[in-house]
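A.B. asks: turn this into a model:
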Amino acid sequence: MPLRTAGAAGSPADRARYDRATASLDAPLAVVDLGAFDANAADLVRRAGGKPVRVASKSVRCRALLERVLARDGFAGVMAYSLAESLWLARAGVPDVLLAYPSADRAGFAELTADPKLAAAVTVMVDDPAQLALIDAARPGRGRSEEVRVCLELDTSLRLLGGRVRIGALRSPLRDPARLTELARAVARRPGFRLVGLMAYEAHVAGVGDAVTGRPLRSGAVRLMQSVARKELAALRAEAVQAVRAVAELEFVNGGGTGSVESTAAEEAVTEVAAGSGLFVPRLFDDYSSFRGRPAALFALPVVRRPGVGVVTVAGGGYPASGAAGRDRLPVPYLPAGLRLDPREGAGEVQTPLTGQPADDLLVGDKVWFRHAKAGELCERFTALHLIDGDHVTETVPTYRGEGRAFL
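C.D. replies: Numbers count the residues shown, from 1 in each chain. Got it, this is the predicted structure:
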């Protein structure tokens, strides 16, 4: 049985635009459709209902596009994924960077605590006193050591059957507001640290599709789970925020993700929501019922072989997404519509066979357009993004990789 095509159907008109815009460029290449990107950004702001959107950099991984979205009303700050990246962005002028994951980068912490500009711009994530000790051990031995801005992370997983069933990402150990408060007090007592934020990311709501094609029972179960989870989380988050605010004045309470922007923003305790994948709208977001975005980030591979009737082979393509291995992590052919990955070969390291009637109309050298399963990981495969406005490339900008950066 052939692997399925992308859930969102591309139009012949879009394919013609992309082909015209990149006619002078050889594939493999990656593009961002600025019309779709800007429309998706506007939709995220609308869904946030007046609360600022902090853009998740791991879902973009291109400084030019981060700057583009931060220049829009409704977006404020970056959510970074590594300490080295956070420092790099702060040095480049981003004034508000939240590192969303704990780090063991001692050299990075030494740099952070030695530079007042960086210390003022970067907030680090903590969910264990051992992380505070690691930061202290990295401080410069002589000279001034800057105060470190700290954010705590609350575990949001859904617990059922008296805690015997756990649904959600294995992230922070801080589930009980009492334990959260205990760590908040530890931060407040410890010289050289200041507690400024609280984050609670509901991966099982924001990051799990509830409308998977061909799987109605699973989709219904996911919707039921998410309905229960949203109600429980709203109460838990409100209790946690109240408890921590009794210890320290919080500048922000962050929550959400592209898949849960509306429900998270509706909570009074939340002051900002995070989103990033919704700018590119990768294939995994076809499985959500709460919103519909426009695919903005695509990559093109060239046809290099015609093995037989109904088959072409393109160069490259082996770009699986992170997470539990499965078909849903593979890139999918998007344009021309109707092409499929071969189930025995999938997306190959150096070549990818594609089947379907449109193959017979493709010539050697023609481009086939693909969508990645996830968002920013596409930029780990390409050094540049060609920005398309209408049917022209208006600018070519480097990805993180193109700037020589590989943070994780």
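A.B. asks: the closest residue to Leu195 other than its chain neighbours - how many residues pack around it?
C.D. replies: Residue nearest to Leu195 in three dimensions, not counting chain neighbours: Ala248, with 4.1 Å by Cβ to Cβ, 6 or more residues apart in numbering. From N, CA and C alone the C-beta is placed, and that goes for glycine too. Neighbours of Ala248 under the rule other Cβ atoms under 10 Å: 18.
A.B. asks: please look at Ala248 and Ala188 and confirm they touch.
C.D. replies: Yes - between Ala248 and Ala188 there is a contact under Cβ atoms under 8 Å: 5.7 Å.
A.B. asks: mutual contacts of these two, please.
C.D. replies: Leu195 (Cβ atoms under 8 Å, 6 or more residues apart in numbering).
A.B. asks: which residues sit in contact with the nearest residue to Asp43 once chain neighbours are set aside?
C.D. replies: Residue nearest to Asp43 in three dimensions, not counting chain neighbours: Gly293, with 6.5 Å by Cβ to Cβ, 6+ apart. Contacts for Gly293 (Cβ under 8 Å, 6+ apart) come out as Ala36, Ala39, Asn40, Asp43, Gly278, Val281, Phe285.
A.B. asks: and the strand or helix carrying the fourth one, how far from the chain's centre?
C.D. replies: Read it as Asp43. For Asp43, the element it lies in under DSSP states H and E is helix 34-48. Relative to the chain's own centre, helix 34-48 is displaced by 15 Å; criterion: Cα atoms, centre = their mean, to the nearest Å.
A.B. asks: same question, stretch 343-351
C.D. replies: In terms of Cα atoms, centre = their mean, the centre of stretch 343-351 is found 25 Å from the chain centre.
A.B. asks: so who does Leu233 touch?
C.D. replies: With Cβ under 8 Å, 6+ apart, Leu233 has these contacts: Thr156, Leu158, Ala200, Glu202, Val205.
A.B. asks: neighbours of the residue nearest to Asp19 when sequence neighbours are not counted, just the number please.
C.D. replies: Using Cβ to Cβ, 6+ apart and skipping the chain neighbours, the partner closest in space to Asp19 is Lys367 (6.2 Å). Applying other Cβ under 10 Å, we find 25 residues neighbouring Lys367.
A.B. asks: what's across from Lys367 in the sheet?
C.D. replies: Pro302 (DSSP bridges).
A.B. asks: and it, how far is that from Leu180?
C.D. replies: 51 Å (Cβ to Cβ, to the nearest Å).
A.B. asks: same question for Val212.
C.D. replies: 34 Å.
A.B. asks: please apply the same query to Leu170.
C.D. replies: For Leu170, the distance to Leu180 - Cβ to Cβ - is 17 Å.
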